[in-house]
Structure formats: structure tokens, C-alpha cells
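# Give me the fold of what follows.
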Amino acid sequence: MMLVLYILLIIIAIFIIWLIAVYNGLIASRNRLAEALSDIDVQLKRRYDLIPNLVETVKGYAAYEQETLNKIIEARNEAMSAHKTGDKEGEKAAEDNLSGLLKNLFALSENYPDLKANQNFLELQRELTDTEDKIQAARRFYNSNARDFNIKLQVFPTNLVAKKLGFTPVEFFEITDKAEKEQVKVEF
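Numbers count the residues shown, from 1 in each chain. Here you go, the predicted model:
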């Protein structure tokens, strides 16, 4: 009788230790996800801060392109607003729109040789390109953490308790604009 009680206590202790390990692992994964999401926010903030400086630099050279510059500022404000509200779908759409307009701005600079040679513009363009690269890297980092977290939630035996502990799968950052998914056509 005593042996059965000891075996039962050992089994309960092993189960509790396993449950604690699973819970702590899920918490660590969720915190890595939060960190990855925060990295994206930091880079987006950097981009939001660079855009007004870039627009001001371009304004002096491209007075005829006021509509394009206004669209960029409007898109920046929409992206910041969507980010503050926490609307992930709206934020993705606003960020995609802003990225497209920034590409137009750099294409616009081709029409203004003086602007293209301006040191401030070149530095801001380099900083913004670097920031865009960092945003992409941060999104990839988030997606890899999201993948790892979702795998943890779905594999046996963690899947038996994860949902009961309040953990749910997370979504990946994905391209929402179908045009960006199409193959790029290069013509000479």
C-alpha cells in the first residue's frame, strides 16, 4: 500500500514538473514573440521619424511633386494611427501603402539630378533603405518566433495542455497587397 502511494506521488510530482516546464517554455516563447514584435515597432518608429526629414529635403527640389509628398505624409500618418490602434490588418495595409509610396519617391528623385546629388537626400535615402531592410529582418525574426511558438502549441504532449493554459496560435506577418506577390518583370 505504501509502495503504491509512493509511486502515485512520484507520478504526480513528475506531471507537475513537466507541466511547469511546458508552461515556462510557452511563456519564454511568448516573450520572444513580444520582443520580436517590439523590434518591428522600433524600426517602424525610426521610419516614421525619417520620412518628414526626407520629404522636407525633397520639397526644396521637387516643388512640382507636392501631391506625391502629401500622399507620403498622409500614408505615414495613417500607418502611425493604425499602429496606435493595434489594428493589425489595417496596420499591414497602411505599411504596404507607405512602402509603395516611398518607392515612388525614390523613383521621383531620378527626375531631379540636383536632388539626387544632394548629400542630405542621399543620407536620408540610405538611412531609409537601411531601416526598410531592418523592418524586413525584424518581420522575418518575428515570423520565425511565431513558427516556433505555433509548433510548440501543436506538438504532442504540449498540445494537451497549451490551450487549457490560455495559449493560442499567432499569425505571421504576410504580404497583403497581391501586386507585391507577383513576379517582377524586367525589360531592357
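# Please name the nearest non-neighbouring residue to S81.
Spatial nearest neighbour of S81, excluding adjacent residues (CB to CB, 6 or more residues apart in numbering): A94 at 7.7 Å. All C-beta spots, glycine's among them, are computed from the backbone N, C-alpha and C.
# Now the helix or strand encompassing the one you found: buried residues?
Using DSSP states H and E, A94 maps to helix 88-108. For helix 88-108, burial by neighbour count (16 or more other CB atoms under 10 Å) applies to 91-99, 101-102, 105, 108.
# before we move on, what about stretch 148-159?
Buried residues in stretch 148-159, counted by 16+ other CB under 10 Å: 149-150, 152-153, 158.
# Return the member of the residues you listed nearest to L50.
F149 (31.2 Å; CB to CB).
# Is the closest one in contact with V170, as I believe?
Yes - counting by CB atoms under 8 Å, F149 touches V170, with 6.1 Å between them.
# so what sits against both of these two?
L33 (CB atoms under 8 Å, 6 or more residues apart in numbering).
# packing partners for the helix holding A94?
Counting contacts by 3 or more CB pairs under 8 Å, 6 or more residues apart in numbering; DSSP states H and E, helix 88-108 is packed against helix 2-61, helix 66-85, helix 119-154.
# For L165, which of those is the nearest?
Comparing those by CB to CB, helix 2-61 comes nearest, at 6.0 Å.
# what angle sits between the closest one and helix 66-85?
160 degrees (axes from the mean of the first three to the mean of the last three CA atoms, to 10 degrees).
# re earlier: from the buried residues of stretch 148-159, which single one is nearest G166?
L153 (11.1 Å).
# In contact with G25, which residues?
Each residue near G25 by CB under 8 Å, 6+ apart is listed here: 152, 158.
# Model confidence for it, exactly?
pLDDT recorded at G25 is 92.
# Same question for A28.
Note on A28: pLDDT of 93.
# next one: A94
The model's pLDDT for A94 equals 83.
# same thing with E110?
At E110, the pLDDT value in this model is 69.
# let's have the chain start at 3 instead
Okay, residue one is now 3; in that scheme the one you just asked about reads as E112.
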